[in-house]
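Q: take a look and give me a structure for this.
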Amino acid sequence: MTVSHEYGMYKAAPVPYIGDMIRVAIVEDDREVREALRDFCNRQSGMTCETAEESAEGFFSSIKGASLPDVVLMDIGLPGLSGISAIRLLKDEHPLVNVIMLTVYMDPHKIFDSLCAGASGYLLKTTPFAEIRDAIQMVYAGGAPMSPPIARKVIEHFQRKSTPLPGSDLTGREREIVLGLVEGLSYKMLASRMNVTIETIRTHIKNIYQKLQIHSKAEVISRSLRGEI
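A: Numbering: from 1, shown residues only. As a prediction, this is how the structure comes out:
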């Protein structure tokens, strides 16, 4: 399996340069894909990849006693532990590490399970490297990038189950923000779309968390996919 450079992720708003060095890790069992991604990341300004493993087990072993990555590119179909199971273990121990699924799977169940496990993005392997780089920067800045077919499936699922459960009590503005999070928008993008300040978005997010009794963006997306928002 090789990564195609011919098909693209949706054209997201440009991600501003991030001054910090973003530490990237790759978990991919195809050596050609893994090495190509690692070399590409290491050629990018403000980005480094020291960890590139063919299995989840190898990844967990490599990060023991080492600096944690900021963003992990994770395949689903791995030898041994699956990528989805690996996310759960990783988020239990290191909840601040961001994970982007990079896979061939478009199965709604795998998309749903990945996001519920804590993935912050979901890209197909047909995504060009330059857009994978943009997705890494987007996740690091607080966004949730998805390939266009994946975003459509998520939004369609959300729209089919958009009737709130009794007691969810979200305002129209808050539900608009939830939909924006499902689409992969960062706080800055939401503020621009809604013509408000980022602080206003943060206040709305805080109210959403309190009303739903949750503590993360991943939980917002998961509950929206389950039709609970």
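Q: which stretches of the protein form strands?
A: Applying DSSP state E to the chain gives strands spanning 22-27, 47-53, 71-74, 98-103, 121-124.
Q: which of these is buried the deepest?
A: Among these, strand 71-74 has the highest mean neighbour count (mean count of other C-beta atoms under 10 Å), at a mean of 27. Any C-beta I mention is one placed from the backbone N, CA and C, and that applies to glycine too.
Q: that one: how far from the chain's middle?
A: Put simply, strand 71-74 sits 9 Å off its chain's centre (C-alpha atoms, centre = their mean, to the nearest Å).
Q: list of residues touching that strand?
A: If you take C-beta atoms under 8 Å, 6 or more residues apart in numbering as the criterion, strand 71-74 is touched by 22-28, 37, 56, 59, 83, 86-87, 90, 97-102, 119, 132, 136, 139-140.
Q: pull the number of nearby residues for the nearest residue to Met194 once chain neighbours are set aside.
A: Leaving aside its chain neighbours, Met194 sits nearest to Glu176 (6.9 Å; criterion: C-beta to C-beta, 6 or more residues apart in numbering). If you count neighbours by other C-beta atoms under 10 Å, Glu176 ends up with 14.
Q: could you do Ile76 as well?
A: By other C-beta under 10 Å, the residues close to Ile76 number 23.
Q: repeat that for Ile177.
A: 24.
Q: please name the residues that touch it.
A: Leu190, Met194, Ile201, His204, Ile205, Ile208.
Q: repeat for Gly121
A: Applying C-beta under 8 Å, 6+ apart, we find Gly121 in contact with Asn98, Val99, Ile100, Met101, Ala135, Met138, Val139, Gly143, Ala144, Pro145, Met146, Gly184.
Q: now with 10 Å?
A: Gly121 makes contact with 9, 71, 73, 98-102, 114-115, 132, 135-136, 138-139, 143-147, 150, 184, according to C-beta atoms under 10 Å, 6 or more residues apart in numbering.
Q: likewise Ser67?
A: Applying C-beta under 10 Å, 6+ apart, the residues near Ser67 are Arg23, Glu50, Thr51.
Q: same check, this time on Ile198
A: Ser186, Tyr187, Lys188, Met189, Leu190, Ala191, Ser192.
Q: state the mean pLDDT of stretch 101-121.
A: Stretch 101-121 shows a mean pLDDT of 86.
Q: check the offset of that stretch from the chain's centre.
A: Remark: stretch 101-121 is offset 9 Å from the chain centroid, using C-alpha atoms, centre = their mean.
Q: could I get that stretch in CSV with only the CA atoms?
A: C-alpha atoms of stretch 101-121 as CSV (Å, rounded to 0.1, in the frame of the first residue of the first chain):
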residue,chain,number,x,y,z
MET,A,101,-6.2,8.2,12.1
LEU,A,102,-4.5,7.6,8.7
THR,A,103,-6.2,4.6,7.1
VAL,A,104,-7.9,3.1,4.1
TYR,A,105,-11.1,2.4,6.0
MET,A,106,-14.3,4.3,5.3
ASP,A,107,-16.4,2.0,7.4
PRO,A,108,-18.8,4.2,9.6
HIS,A,109,-18.2,1.9,12.5
LYS,A,110,-14.4,2.3,12.4
ILE,A,111,-14.8,6.1,12.0
PHE,A,112,-17.2,6.2,15.0
ASP,A,113,-15.1,3.9,17.1
SER,A,114,-11.9,5.9,16.4
LEU,A,115,-13.5,9.2,17.4
CYS,A,116,-15.1,7.6,20.5
ALA,A,117,-11.7,6.2,21.4
GLY,A,118,-10.2,9.7,21.3
ALA,A,119,-9.0,10.4,17.8
SER,A,120,-8.9,14.1,16.9
GLY,A,121,-8.9,13.5,13.1
